[in-house]
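# pasting the sequence and the predicted model now:
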Amino acid sequence: MAAYPLFTALLFALALSATAELSTSHVLEGKVSCFDCNTHYDFSGIKVLVKCEHIKKMAMATTEASGSFKVELPSGSSKTASPPLNCQAKLFGGPDQLYASKKHTVSKIMKKHKSSNTYKISTPLAFSITKPKAAANNFEESKTVDLPLPPEWGFAPSSYYVPFFPIIGIP
């Protein structure tokens, strides 16, 4: 019967160490929005990429149906728990083609509360699901590259050789 208090104390110590380890992680919480979606739009599956300065690793978050996402910020090494510096979140793409203005694609990350390890985005990450008018040059979309080749070479247009690069969204 003396083993139960010892076992309980061991489990309590293990729970405390796990809690201490979780409290040193830095978590980004955010939400994406849509300019022209209906109120019942399903935001699930949209990817948000997080990159911090001087850290090679990146983090990827996937949104839930409400558009909210949560991801642990990348850190330089697992031994240090220092807060990441100069981090940015970028709207990366989704299951459908997304269109976003350049100012709504990237957001700096800032601390949510001084006493917590929770971070938030400083500007909203927003997109549109309908293609904007051609006159609006501040929108990004998927394009092919067509380099001018001399006609005497007899090659097909360079867009046949140069791969397609989506700027935002996955077609």
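Now that the structure is in, tell me what you want to look at.
# the chain: helices as residue ranges?
If DSSP state H is used as the criterion, the helices of the chain fall at 3-23.
# helices and strands of it: which one bottoms out on pLDDT?
Counting by mean pLDDT, DSSP states H and E, the chain has its least confident helix or strand at helix 3-23, which shows a mean of 52.
# which pLDDT value belongs to the nearest residue to Pro124 once chain neighbours are set aside?
Nearest non-adjacent residue to Pro124, counting by C-beta to C-beta, 6 or more residues apart in numbering: Ser33, 5.8 Å away. The way it works is simple: take the backbone N, C-alpha and C, and place the C-beta from them, glycine included. With respect to pLDDT, Ser33 scores 93.
# so who does Ser33 touch?
67, 124-127 (C-beta atoms under 8 Å, 6 or more residues apart in numbering).
# most neighbours, which of the residues you listed?
In terms of neighbours by other C-beta atoms under 10 Å, the contacts of Ser33 top out with Phe127 at 26 neighbours.
# and that residue, how far from Leu91?
For Phe127, the distance to Leu91 equals 6 Å [C-beta to C-beta, to the nearest Å].
# give me the common contacts of the two.
Contact criterion C-beta under 8 Å, 6+ apart; residues shared by Phe127 and Leu91: 32, 98, 100, 104, 168.
# where does the prediction get shaky in this structure?
Where the chain drops to pLDDT under 70, the residues are 1-24, 76-84, 134-171.
# now do the strands in it.
For the chain, the strands defined by DSSP state E cover 27-34, 47-52, 58-62, 68-72, 87-93, 100-101, 106-111, 118-121, 125-127, 139-140.
# in TSV: the ones you listed, plus distance to Tyr41.
As requested, the strands of the chain are exported to TSV (distance: least, C-beta to C-beta, whole Å):
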stretch	distance to Tyr41
strand 27-34	6
strand 47-52	16
strand 58-62	16
strand 68-72	13
strand 87-93	15
strand 100-101	15
strand 106-111	20
strand 118-121	19
strand 125-127	11
strand 139-140	19
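# and among these, the most buried is which?
Of all the strands of the chain, strand 125-127 has the most neighbours on average by mean count of other C-beta atoms under 10 Å, namely a mean of 23.
# in terms of secondary structure, what does that one contact?
strand 27-34, strand 87-93 (3 or more C-beta pairs under 8 Å, 6 or more residues apart in numbering; DSSP states H and E).
# dump those into TSV; add distance to Met58 as well.
Shown next, in TSV, are the helices and strands packed on strand 125-127 (distance: least, C-beta to C-beta, whole Å):
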stretch	distance to Met58
strand 27-34	12
strand 87-93	10
